[in-house]
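>>> all I have is the shape, not the residue letters:
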């Protein structure tokens, strides 16, 4: 049975699932990993995470950063200068999350050869069938 | 700049990103974690992962299992019996992926209290603004 549930329903039933979805979201992963090095300004961060293949829109980056900020993983530091400057950095909690996510990313990169071999076998088998 | 790219483009530019997306997808995470215990039949697996809040459709579960099978993470074992019986289990590579993903899930569950506190502070600050 496919159940249609809102984000609020899921939060009530299984709250940690949503946080897991936030940190493993396409841009969440990249933002957390980039911020492990140092704080970034918005436009810098946008360029950095877009370097991984697909670009991220301003709107999507803003939404993702807000979600991670609300979860307490990212700190947003707006400097009262002209022109305005906003820095994003990891909180202590965010650094822990980033370390977990990086572990997964490093594993994936290391095992890519095995994945590619498996795909080749799978595709050959399908083509023969 | 938001770049529109197909899955094939991303695979060419940054192949491991896609695998990371597969293992961290909503159902990918849950399937990998469930299969750490033992092999599952399709309908059992569907019930097990649907217990986490949102239900998964047959079509979506089939697609996710095929993707993970093609990546070499899951083994699909079709028994030639009547009625047909299909078991899904982790490969050695899949067990490694599942361990990484479980680490992240365990961390998220452990830190949920901190996340909830952060959200409360964030929402109060927004409401005052």
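Thanks, I have the structure now. These numbers were taken from a predicted model, which means no experiment stands behind them.

>>> just after the helix-or-strand element of chain A with minimal mean pLDDT, pick out the following helix or strand.
Here the helix or strand of chain A ranked lowest by mean pLDDT, DSSP states H and E is helix A:7-13, holding a mean of 56. Downstream of helix A:7-13, the first helix or strand assigned by DSSP states H and E is helix A:15-24.

>>> who's in contact with the closest residue in space to residue A:70 that isn't next to it in sequence?
Nearest-residue entry for residue A:70: residue B:122, 4.5 Å, with adjacent residues in sequence omitted and distances by Cβ to Cβ, 6 or more residues apart in numbering or on different chains. The C-beta positions use only the backbone N, C-alpha and C, and glycine is treated the same way. By Cβ atoms under 8 Å, 6 or more residues apart in numbering or on different chains, residue B:122 lies in contact with A:69, A:70, A:72.

>>> next step: these restricted to helices.
Of the positions in the contacts of residue B:122, A:69, A:70 sit in helices, assigned by DSSP state H.

>>> highest neighbour count among the contacts of residue B:122?
The residue in the contacts of residue B:122 with the most neighbours, by other Cβ atoms under 10 Å in any protein chain shown, is residue A:72 (23 neighbours).

>>> strands along chain A, start to end?
For chain A, the strands defined by DSSP state E occupy A:40-41, A:74-79, A:85-90.

>>> how far is the shortest one from where the chain is centred?
Taking the mean of its C-alpha atoms, strand A:40-41 sits 16 Å from the chain's own mean (Cα atoms, centre = their mean, to the nearest Å).

>>> what pairs with that strand, and is each one parallel or antiparallel?
strand A:85-90 (antiparallel) (DSSP bridges).

>>> list the buried residues of the strand it pairs with.
Within strand A:85-90, the residues scored as buried using 16 or more other Cβ atoms under 10 Å in any protein chain shown are A:87, A:88, A:90.

>>> closest to chain B out of these?
residue A:90 (12.9 Å; Cβ to the nearest Cβ).

>>> and that closest one, how far is that from residue A:27?
Here residue A:90 is placed at a distance of 15 Å from residue A:27 (Cβ to Cβ, to the nearest Å).

>>> just list the residues touching the residue nearest to residue A:29 when sequence neighbours are not counted, thanks.
Excluding the flanking residues, the one nearest residue A:29 by Cβ to Cβ, 6+ apart is residue A:101, at 5.5 Å. With contact taken as Cβ under 8 Å, 6+ apart, residue A:101 is in contact with A:23, A:24, A:28, A:29, A:32, A:33, B:104.

>>> now do residue A:94
Under the criterion of Cβ under 8 Å, 6+ apart, the contact list for residue A:94 reads A:32, A:35, A:68, A:72, A:73, A:74, A:75.

>>> and chain B, which of those residues reach it?
Contacts with chain B within the contacts of residue A:94, as defined by Cβ under 8 Å from any Cβ of the partner chain: A:72, A:73.

>>> what's the farthest-apart pair in the contacts of residue A:94?
Farthest-apart pair in the contacts of residue A:94 is A:35 and A:72; separation 13.8 Å (Cβ to Cβ).

>>> thinking again about what came up before, okay, the residue nearest to residue A:29: pLDDT?
Residue A:101 carries a pLDDT score of 91 in this model.

>>> for the one 4 residues further on, same thing?
Confidence at residue A:105, expressed as pLDDT, is 88.

>>> give me the number of residues near it?
Other residues lying near residue A:105 total 21 when counted by other Cβ under 10 Å.

>>> the residue nearest to it when sequence neighbours are not counted: neighbouring residues, count only.
In this structure, residue A:105 finds its nearest non-sequential neighbour in residue B:20, 5.9 Å apart by Cβ to Cβ, 6+ apart. Residue B:20: 22 surrounding residues under other Cβ under 10 Å.
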